[in-house]
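>>> Mind looking at a prediction? Sequence and model below.
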Amino acid sequence: MAYIYPAPGVATKQATLVIKDKNNVGGYTTNAIMTVPAMQDITQGNAKDVFTWTQLDNTGKFNLPTTSANSISGNLVLEKDTFYGDGSTDGIQDIGIQGAQTQSIYVDFELYTGDSSDGTEGKFISGSGYITGLSPTVSSDSPVWVSPFTVTVDGEYTISDTAQVA
């Protein structure tokens, strides 16, 4: 068996999430990719909807699967330039994750799930969608700002052996 593990701190094997502005909003000269730093956890969601109904001639309910709501979500420790933007006029890096949510920027994303051995066997989950769900918080028990985040996927995921977002 070859278990998938995120290998925290091992650059070629660790789970990573990259995003970029899909439509190059703002007329930037480049459309740079942003690697989302300091993720505490990440979840690939696939919520399959089910239509349920009852009939007068039956004591049980009937179910029929319908479409799915796909998402990538997690929690991250906030890093100033990535969250608020670095003012570089370089695609999504200029406005940051907060700006992408506020401006409803349509993003491409790619999640590298981690590896099973030498940095060449991991899978990539990619797609397009919107950043939602930011809700930064800080407390005396957690003296750094942390925030949940969600990339609400528009349509389906693509699963691949090679990177798709470039």
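Noted; the coordinates are in hand.

>>> Provide a list of residues in contact with the closest residue to G85 other than its chain neighbours.
Closest residue in space to G85, ignoring its immediate chain neighbours: G96 at 3.5 Å, by CB to CB, 6 or more residues apart in numbering. Quick note: C-beta positions are derived from backbone N, CA and C, even for glycine. Counting by CB atoms under 8 Å, 6 or more residues apart in numbering, G96 touches D81, T82, F83, Y84, G85, D86.

>>> Quick check: the two most widely separated of those residues?
F83 and D86 (10.1 Å; CB to CB).

>>> Neighbour count: these two, which is higher?
Shown here are F83 and D86; by other CB atoms under 10 Å, F83 has more neighbours (21 against 14).

>>> From the chain's centroid, how far away is the host helix or strand of the more buried one?
Per DSSP states H and E: F83 is located in helix 80-84. Relative to the centre of its chain, helix 80-84 is centred 16 Å away, using CA atoms, centre = their mean, to the nearest Å.

>>> From the contact counts, what lies against that helix?
Applying 3 or more CB pairs under 8 Å, 6 or more residues apart in numbering; DSSP states H and E, one finds that helix 80-84 contacts helix 92-102.

>>> which is the next helix or strand following the helix it packs on?
strand 106-112.

>>> what's the average pLDDT for that next one?
Averaging pLDDT along strand 106-112 yields 91.

>>> Taking the centroid of this protein, which residue is nearest it?
I72 (3.9 Å; CA atoms, centre = their mean).

>>> so how many other residues sit close to the closest residue to that residue other than its chain neighbours?
Nearest residue to I72, sequence neighbours excluded (CB to CB, 6+ apart): V151, at 4.4 Å. Using other CB under 10 Å, V151 has 26 neighbouring residues.
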